[in-house]
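> Structure of the sequence below:
(4 chains)
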Number of protein chains: 2
Amino acid sequence: MTAELPSNTNELKPDTEDKRAHPRSKRDQIVTAAIKVFLENGYKATSMNRVADQAGVIKATIYSHFKDKEQLFIAIIEELTIKKIDLNYEDIEPLMVLAPEVFIDQISNKFSVLMDDPDYLRLFRLMVGESERFPELASIYVKTVILRGMDLATAYFDSHPELNIADSAAMAHICAGSFVSLMTWQQVLGGKKIRTLEVERVTKMLKTLICDGAQHRGKNQ
Amino acid sequence: MTAELPSNTNELKPDTEDKRAHPRSKRDQIVTAAIKVFLENGYKATSMNRVADQAGVIKATIYSHFKDKEQLFIAIIEELTIKKIDLNYEDIEPLMVLAPEVFIDQISNKFSVLMDDPDYLRLFRLMVGESERFPELASIYVKTVILRGMDLATAYFDSHPELNIADSAAMAHICAGSFVSLMTWQQVLGGKKIRTLEVERVTKMLKTLICDGAQHRGKNQ
DNA sequence: CTGCTATCATACCAACCGGTATGGATAGTA
DNA sequence: TACTATCCATACCGGTTGGTATGATAGCAG
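Predicted coordinates for the structure are as follows:
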């Protein structure tokens, strides 16, 4: 069914410049190609032949840089999580002084961008789909992506006592989780074609919940 | 790596009773076995030989009931979603009259059970992981599982105007999404071994958000 | 008893898999 | 110029894949 494609876009892959100068570039070629093929096909359905074709490289070259398919997969997941997503959290401190409505808007905007990035949706599918076979990779994803965002939101609520949040970590989870689950069923699972729920509606509801009842919270029990 | 197991639990599979009476039972044997193997290994890593062994059936018998691997996969996903999860929503009407705190407790309890069911976690991994290759199956899952639960919560908030929920669907999503995303990163991705966040904390925070600020909501903007 | 259908066991198929071997071409280094 | 390391192309390996063919066995309907 999924027969080996005759590698249609192949000849233009190897960098024409500095082809032999830097031996590191071969590895990068392989990683870049592997990212594409793994994200598109998943782990098991990805063949090393296809990765080699996509990289414009012979199969043996891959095995001179990576021990086997599993190590190549681990390398590309680490590349995608640690080295890329790390950069996204450089500008976090100024967020702490924002008004709650603005802060939630910022989170919302960040998720809106992620939700429309097909490659991020594929990474999410891959992490969830392979999380039982590769639990250590799922752990990397949790640490570098999920907990990072959650800690940021937790710190925000901790530094805003006027919001009367009794459990800042739980509140951070509700905030982030609302957007993550929205991405999951609207985009990853394709639910927006069945019923659309706009990010803005979730954002507005969250703002109302967090801000409007702030001074009356925790009085009942 | 994953060599063909020699079908250790094989001889006790075929029903000793009414073996020939009901031709439907063969199909059920196959579906039951396929559910197990697909959930454990994913789509691509599942081999028809292994399904046949698990079912105590010859491979050709599978192909006399299902056109190919894809159709078998579709059949087992439909079995898992439509025919099983449907039953879980028979006792919904009495929920509408519950107090908000009790209602949220009920939702929380339902998710707690799901979170500790390894087979449900595997179904979730499978649906998310294959959602790009099998979008129509993801749609079934969205309709029968996700939207069903969401409509229930939406109806609840609609029938409780004293809670002052301006957008009941968004509120329902925040409620359900908080639990779904908790299941995702705590259980599916194994994050609870890195940092535990108890369901009860999320439940309590949700109750506080929804109930404590009810009469003061929507006055600010 | 006579088909008919469903299943059995086994063997087979071409294609593809992950991974390796060989041997030649090319480049940087000394 | 000689050495070394990298990469090329190709071919190969045993094993597995989804799927089929053959021919035997057994139960059921007429």
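
> Low-confidence ranges, chain A, go.
Counting by pLDDT under 70, chain A contains low-confidence ranges at A:1-24, A:86-92, A:218-221.

> List the contacts of the one residue in chain A that gets nearest to chain B.
At 1.7 Å from chain B, A:Gly213 is the closest residue in chain A, using C-beta to the nearest C-beta. Quick note: C-beta positions are derived from backbone N, CA and C, even for glycine. Taking C-beta atoms under 8 Å, 6 or more residues apart in numbering or on different chains, we find A:Gly213 in contact with B:209, B:212-214, B:216-217.

> Now rank those residues by neighbours and give me the top one.
Within the contacts of A:Gly213, most neighbours by other C-beta atoms under 10 Å in any protein chain shown means B:Leu209, with 25 neighbours.

> got the buried residues for the host helix or strand of A:Met150?
Using DSSP states H and E, A:Met150 sits in helix A:147-158. By neighbour count on 16 or more other C-beta atoms under 10 Å in any protein chain shown, the buried set for helix A:147-158 is A:147, A:149-150, A:152-157.

> what's around the residue of chain A found nearest DNA strand D, how many residues?
Closest contact between chain A and DNA strand D, by C-beta to the nearest atom of the strand, is at A:Lys26 (3.1 Å). By other C-beta under 10 Å, 20 other residues sit near A:Lys26.

> and it, what does it touch?
A:Lys26 makes contacts with A:57, A:61, A:65, as judged by C-beta under 8 Å, 6+ apart.

> likewise A:Leu80?
Going by C-beta under 8 Å, 6+ apart, A:Leu80 touches A:35, A:123.

> what kind of secondary structure is it in?
When classified by DSSP: H, G, I helix; E, B strand; the rest coil, A:Leu80 comes out as helix.

> Roughly how far does it sit from A:Arg27?
15 Å (C-beta to C-beta, to the nearest Å).

> excluding its backbone neighbours, what's nearest A:Met127?
The shortest distance from A:Met127 to any non-neighbouring residue, by C-beta to C-beta, 6 or more residues apart in numbering or on different chains, is to A:Tyr141 (4.9 Å).

> tell me what the one helix or strand the one you found maps to is packed against?
If you go by DSSP H and E, A:Tyr141 is part of helix A:135-141. Counting contacts by 3 or more C-beta pairs under 8 Å, 6 or more residues apart in numbering or on different chains; DSSP states H and E, helix A:135-141 packs against helix A:69-78, helix A:118-129.

> In this structure A:Gly191 contacts B:Met150, no?
No. A:Gly191 is beyond contact range of B:Met150, at 9.7 Å (criterion: C-beta atoms under 8 Å).

> Spell out the residue ranges of the helices in chain A.
A:24-41, A:48-55, A:59-65, A:69-78, A:100-115, A:118-129, A:135-141, A:147-158, A:168-182, A:199-207 (DSSP state H).
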